[in-house]
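**Q** With the input below, show me the fold.
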Amino acid sequence: MAWYKRRSAGIVTSRAEQNESPEGYWIKCPECSHIMSQRELDDQLRVCPKCGHHHAMNGLGYFDLLFDGGDYARHDAGLRSGDPLDFVDRKPYPQRIEAAERKSHLNDAAVSATGTVGGHPLSIGAMDFSFIGGSMGSVVGEILTRAIRRATDEDRALLIISQSGGARMMEGALSLMQMAKTSANLAVLAEKGLPFFSLMTHPTTGGVTASFAMLGDFNLAEPNALIGFAGPRVIRETIGRDLPRGFQRAEFLVEQGFVDFVVKRPDLRKTLVGLLDQLFEATPAETSAETVGVAANGRAE
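**A** Here you go, the predicted structure:
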């Protein structure tokens, strides 16, 4: 019977010594359920290698992708939100800001930087959904406005990468003022004849869509990005009928003329460099989507 009994304790390994994957190491694609590591996803520019689904990428990731050699100067990292309304929902607004800072390692839901792309000077403002849903408050509006003014003052092209659930309710009317603030500064940029590229990623909704996101000289979007003002459920209930298939997705908006073309993330830098090359070789009167070879179906020729 001794064959079937353990007479001494087995090998015991402490939990600290166990070879376990850290929490969040593995990720499942929401489209095709393919399971991959975070490292593998990052190596693929956060695009699923099986189905091509575009997972969210933060602003700093776009900077590394787009700027020549990943070399750029970051700006406005010291700006932080106040609490002008003493807003409290489930927790005070300052506590919500602190939690978002710890989670995202950002000062707010937007980052800005300058550098060169294909040798062309460019100012970029990029939003980040991980910070309170990419909501646009006073700091986001200020960061993007400074990115616009930097482009205007330094004769740079401008790119804004949108990724937002809309205006930040904790700041009330102050957040809504950012719509007018950014749009007015874009008008100054346009008067100077400098190009503005707007890249809409998933999701781009609310006041962001209703202001600067749709004001680009070139409106680009990532595949299958949700782009709209109100959500599909609200619209369906308002008009009382079913919506077209793919409603408010990037490909649908290309067909309706709201977006110039859809660009896959691995092709984004090449597309942007190509547009900049043609724009800065063309005369100001020629700088439009039609003259740089954007076809009616939304593909760059």
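**Q** rest of the way, CA atoms for contacts and neighbours
**A** Noted.
**Q** Confirm residue 177 sits in a helix?
**A** Yes: the assignment for residue 177, made by DSSP: H, G, I helix; E, B strand; the rest coil, places it in a helix.
**Q** Let me know the pLDDT of it.
**A** Per-residue pLDDT puts residue 177 at 96.
**Q** same check, this time on residue 100
**A** With respect to pLDDT, residue 100 scores 95.
**Q** The residue lying closest to it once chain neighbours are set aside - how many residues pack around it?
**A** In this structure, residue 100 finds its nearest non-sequential neighbour in residue 131, 5.4 Å apart by C-alpha to C-alpha, 6 or more residues apart in numbering. The number of residues packed around residue 131, counting by other C-alpha atoms under 10 Å, is 23.
**Q** quick one, what contacts residue 131?
**A** Listed by C-alpha atoms under 8 Å, 6 or more residues apart in numbering, the contact set of residue 131 reads 100-101, 103-104, 106, 108-109.
**Q** For the chain, which segments count as strands?
**A** Counting by DSSP state E, the segments of the chain that form strands are 26-28, 35-37, 72-75, 110-117, 120-127, 157-164, 196-204, 218-221, 261-262.
**Q** in this structure, which residue is closest to the centre?
**A** The centroid of the chain falls nearest to residue 163 when counting by C-alpha atoms, centre = their mean (3.6 Å).
**Q** ok, so what distance separates that one from residue 108?
**A** Distance of residue 163 to residue 108, computed by C-alpha to C-alpha, to the nearest Å: 13 Å.
**Q** ok now the helix or strand bottoming out on mean pLDDT in the chain, how far from the chain's centre?
**A** Scoring the helices and strands of the chain by mean pLDDT, DSSP states H and E places helix 232-239 at the bottom, with a mean of 88. In terms of C-alpha atoms, centre = their mean, to the nearest Å, the centre of helix 232-239 is found 25 Å from the chain centre.
**Q** wait, what's in contact with residue 135?
**A** 109, 129, 164-168.
**Q** again but with residue 232, I slipped
**A** Residue 232 sits next to 243, 247-248 when contact means C-alpha under 8 Å, 6+ apart.
**Q** Closest one of the residues you listed to residue 123?
**A** residue 248 (28.0 Å; C-alpha to C-alpha).
**Q** Would you agree that closest one is in contact with residue 227?
**A** Yes: taking contacts as C-alpha atoms under 8 Å, residue 248 lies within contact range of residue 227: 5.3 Å.
**Q** which of these two has more neighbours?
**A** More crowded of residue 248 and residue 227, by other C-alpha under 10 Å: residue 227, with 30 against 21.
**Q** any idea how far residue 41 is from that one?
**A** Shown here: residue 227 relative to residue 41, a distance of 24 Å by C-alpha to C-alpha.
**Q** Just to check, residue 204 is in contact with residue 163?
**A** Yes: counting by C-alpha under 8 Å, residue 204 does reach residue 163; the two are 5.1 Å apart.
**Q** so where's the protein uncertain?
**A** Low-confidence segments of the chain, defined by pLDDT under 70, are located at 1-23, 282-301.
**Q** isn't residue 194 right next to residue 154, touching?
**A** No: with contacts defined as C-alpha under 8 Å, residue 194 does not count as touching residue 154, sitting 10.3 Å away.
**Q** Would you mind telling me which of the two has the busier surroundings?
**A** Ranked by neighbour count (other C-alpha under 10 Å), residue 194 and residue 154 place residue 194 first, with 20 against 11.
**Q** mind pulling up the phi and psi values for that one?
**A** For residue 194, the backbone dihedrals are phi -100, psi 140 (criterion: degrees, to the nearest 10).
**Q** residues contacting it?
**A** With contacts taken as C-alpha under 8 Å, 6+ apart, residue 194 has the following neighbours: 152, 155-158.
**Q** and it, how far is that from residue 70?
**A** Plainly put, residue 194 is 23 Å away from residue 70 if you go by C-alpha to C-alpha.
**Q** ok, now residue 37?
**A** Residue 37 sits 23 Å away from residue 70, going by C-alpha to C-alpha.
**Q** Check residue 149 too.
**A** From residue 149 over to residue 70 the distance is 23 Å, taken as C-alpha to C-alpha.
**Q** which one of those two has more residues nearby?
**A** Residue environment comparison for residue 149 versus residue 70 gives the larger neighbour count to residue 149, 20 against 15, counting by other C-alpha under 10 Å.
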